[in-house]
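> sequence first, then the predicted structure, then my questions.
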Amino acid sequence: QRYQQLLSQGRAVDFDDLLMKTVQLFQDQPQILNSYQSKYVHILVDEFQDTNIVQYMLMKQLAGKYRNLCVVGDPDQSIYSWRFADLRNILSFEKDYPEAKVVFLEQNYRSTKTILEVASDVISANVQRKPKKLWTGNEDGAPVTVIESYNAEEEAQSVVNEIEKLIGQEQISLKDCAVMYRVNAQSRALEETFLRYGVPYKLVGGTRFYQRREVKDIIAYLRLIHNPQDNVSLVRIINVPVRGIGQRTLSHLQDWAKAHDISLFEALKQVSHNPAASEAKQSLPPRIIQALAGFDAVMVGLTAQSRELSFSGLVDEILGHTGYREYILDKEDGEERWENIMELRSVASEYDELDTEEALTTFLELPLPLIPTTTSPGSMRFFSCSIKMSS
C-alpha cells in the first residue's frame, strides 16, 4: 500500500500498473477502447506462452473489433511462471477463438535427431501442453550423455576431462569448445578448475567470478578483518553499503594518515574517537564523525566475531551486521548478485573445519581472487550462459 501511495504521489506507474490501468481504462471508457481497436486491424503476439492474465486480457480487448489475431508460442518453452506468465493462455486460446486455425511448426532446423528425440521424451512428462511430433532432416548425431556429479567441483572436473578427450581424440582446438551454464554463480567452480589445469578461457557476456563487484566487496571485508592496515580494502568498503562517507572525507583521512605515518584505519579511529585529533575533526561535520565511528564499531564487532564464528558464519555476520544483504537485494540485478554471494559463502563453508583465523589466512592467500582479467588469443569462452576456450 505504501509503495502504491508513493507512486500515486509522484504521478508515476510501474510496469504492472501500465498493464492494469490500461485494461481498466478500456473497461471503463468504451470509446477509448474503440479508438485503439480501430487503429490495430491486425495483431501479432510472439512468445505467447510467456504472457500473463492481464496481458491476455489486454490483447483480447485490442483484438475485440476485428479478431484478426495471430499468436505464436510453445507451451513447452514456458519459463516465466515466476513472473506470473500463465500457460493456460495458450492452452485456452482455441476456446476463446474457436474460429482460429492452428498451425504446428514441427520441423526443427537446429538440432540433430538424437537431441530432438531426447528433448521430446523429457518434455512429454509435462501435463499442461499440446502434444506435437517434432522432426528434423538433420543427421542422427552423437549420443546424448547425461553425467551425474556429486558437487559443482566434480562437475567442473568432468567438463575439463571431456574437453581434453575431445582435443585428443577428435583433433579439435580449445577455441572450438564452449561451456554453457544456467546462472552466473555457476561459473566459479568452472573458472577455478580451468585455472588449476592451466586451461585458458574467456568469459563472454559477463565478469569473472572473483572480479564481480559484490564478491570483491565481501572479500574486502574479510581482508580488513584479517589486516586492519589494508588501506585498499578499507577504501573499497568504507561507504559500502552507503554510510554517508564520501570522497572528501576519505581525502581528509588520507591526509591525516600521511601526516602521522599511520594506516587509514588508525586515522579513522583517531579522528572519530581521539580528542587529540581535534584538528582533523574541525574540518568534518558531526554527522561524518558519527559515520566514521559507526564504521569503526562495525569492524571492531566483526573482528571480535571472527574469533568465535566459523568461516562461513563470519561471512553471514558480514552480510547481516553491515546491512549488505538488503543493500544488494535492493538493486535491479540484486537476486543474481545475491546468488554470487551465496556461491562465495559455499566456498567459505569448505574451510569451516579449520580455525577461523587459519581459514581466513588460507582463503585470502589463494590466488583465485587475484586472477587477471586478460586472456590469451583463442582461449575457451564462458558465455554468461557459457564459457568458451582458447588454444
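Received the coordinates, thanks. Residues are numbered from 1 along each chain as shown.
> any weak-confidence spans in the stretch 151-300 of the chain?
205, 275-283 (pLDDT under 70).
> please, where are all the strands along it?
With DSSP state E, counting those that start in this stretch as the criterion, the stretch 151-300 of the chain has strands at 178-180, 201-204.
> the helices in the stretch 251-391 of the chain, which residues?
264-273, 278-281, 286-305, 311-321, 324-329, 334-349, 356-365 (DSSP state H, counting those that start in this stretch).
> can you say which of those is packed in most?
helix 264-273 (a mean of 21; mean count of other C-beta atoms under 10 Å). (Each C-beta comes from the backbone N, C-alpha and C, glycine too.)
> so what touches that helix?
224, 228-229, 231, 234-235, 238, 252-254, 256-257, 260, 262, 276-277, 280-281, 284, 289, 292-293, 295-296, 299 (C-beta atoms under 8 Å, 6 or more residues apart in numbering).
> what does the pLDDT read for K388?
With respect to pLDDT, K388 scores 51.
> check contacts around the residue lying closest to E317 once chain neighbours are set aside.
Leaving aside its chain neighbours, E317 sits nearest to Q305 (5.0 Å; criterion: C-beta to C-beta, 6 or more residues apart in numbering). By C-beta under 8 Å, 6+ apart, the contact list for Q305 reads 314, 317, 321.
> circling back: need the helices of the stretch 251-391 of the chain in TSV with distance to K39, can you?
Putting the helices of the stretch 251-391 of the chain into TSV (distance: least, C-beta to C-beta, whole Å) gives the following:
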stretch	distance to K39
helix 264-273	63
helix 278-281	66
helix 286-305	56
helix 311-321	51
helix 324-329	41
helix 334-349	38
helix 356-365	62
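> out of these, the one nearest K60 is which?
Closest to K60 of the helices of the stretch 251-391 of the chain, according to C-beta to C-beta: helix 334-349, at 32.0 Å.
> quick one: the closest one to helix 356-365, angle?
120 degrees (axes from the mean of the first three to the mean of the last three C-alpha atoms, to 10 degrees).
> and the angle for helix 334-349 with helix 311-321?
150 degrees.
> centre of the chain versus helix 334-349, how much separation?
10 Å (C-alpha atoms, centre = their mean, to the nearest Å).
> repeat for stretch 149-163
With C-alpha atoms, centre = their mean, you get 22 Å for stretch 149-163.
> about what we covered before: which of the strands of the stretch 151-300 of the chain is buried the deepest?
Mean neighbour counts for the strands of the stretch 151-300 of the chain (mean count of other C-beta under 10 Å) peak at strand 201-204, with a mean of 21.
> so in that sheet, which strands flank it, and in what orientation?
Next to strand 201-204 in the sheet, as set by DSSP bridges, lie strand 379-383 (parallel), strand 386-390 (antiparallel).
> need the strands of the stretch 151-300 of the chain in TSV (columns: distance to K216).
Shown next, in TSV, are the strands of the stretch 151-300 of the chain (distance: least, C-beta to C-beta, whole Å):
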stretch	distance to K216
strand 178-180	23
strand 201-204	15
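> phi first, then psi, for W135.
phi -150, psi 160 (degrees, to the nearest 10).
> burial measure for the nearest residue in space to I163 that is not next to it in sequence, as a count.
Spatially, and ignoring its direct neighbours in sequence, I163 is nearest to C177 (5.3 Å; C-beta to C-beta, 6+ apart). Applying other C-beta atoms under 10 Å, we find 23 residues neighbouring C177.
> please tell me how far C177 sits from E335.
30 Å (C-beta to C-beta, to the nearest Å).
> domain map for this structure?
2-96, 152-208+375-390, 247-364 (automatic domain parsing).
> contacts only, for the residue positioned nearest the centre of the chain.
The residue lying closest to the centre of the chain (C-alpha atoms, centre = their mean) is E336, at 2.1 Å. By C-beta under 8 Å, 6+ apart, the contact set of E336 is 183-185.
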